[in-house]
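Colleague: from the sequence below, what's the structure:
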Amino acid sequence: MVHIRNSDNSNPPDPIATQLAAIAAKLEAFETMKEDIAALKEGERSR
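Modeller: You can find the predicted model right below:
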């Protein structure tokens with residue numbers, strides 16, 4: 001997981017780190033979807 005710098009010192013968060021965190025979250029969603037599709041395909045094969 002990507003960690004964003006803590007902004008306790010009232011600096012705005014690093015925009016690149018924010019974008020990387022968003023991309024990582026989307027990639028995780030795609031990975032989960034890929035696993036779900038593989039499970040569905042496996043279920044159809046066993047019929």
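Colleague: pLDDT on whichever strand or helix holds Thr32, on average?
Modeller: Element membership for Thr32 (DSSP states H and E) is helix 15-45. The average pLDDT for helix 15-45 rounds to 96.
Colleague: buried ones in it, by neighbour count?
Modeller: By neighbour count on 16 or more other C-beta atoms under 10 Å, the buried set for helix 15-45 is Ala21. Quick note: C-beta positions are derived from backbone N, CA and C, even for glycine.
Colleague: against which helices or strands is it packed?
Modeller: The helices and strands touching helix 15-45, judged by 3 or more C-beta pairs under 8 Å, 6 or more residues apart in numbering; DSSP states H and E, number zero.
Colleague: and it, how far out from the chain middle?
Modeller: Centroid separation between helix 15-45 and its chain, computed with C-alpha atoms, centre = their mean, to the nearest Å, is 6 Å.
Colleague: separation between the residue nearest to the spatial centre of the chain and Thr32?
Modeller: Among the residues of the chain, the one closest to the centroid is Ala25, at 2.1 Å (C-alpha atoms, centre = their mean). To Thr32, Ala25 is 11 Å away according to C-beta to C-beta, to the nearest Å.
Colleague: again with Arg45
Modeller: 21 Å.
Colleague: look at Pro12 and give its secondary structure.
Modeller: Secondary structure state of Pro12, per DSSP: H, G, I helix; E, B strand; the rest coil, is coil.
Colleague: can you count the residues close to it?
Modeller: 7 (other C-beta atoms under 10 Å).
Colleague: for Gly43, see how far away the residue nearest to the centre of the chain is.
Modeller: Taken as C-beta to C-beta, the span from Ala25 to Gly43 is 27 Å.
Colleague: and if you look at Lys26?
Modeller: Separation of Lys26 from Gly43 (C-beta to C-beta) stands at 26 Å.
Colleague: same thing with Ile16?
Modeller: According to C-beta to C-beta, Ile16 stands 41 Å off from Gly43.
Colleague: just Lys34 next, same as before
Modeller: Look at Lys34 and Gly43: by C-beta to C-beta, they are 15 Å apart.
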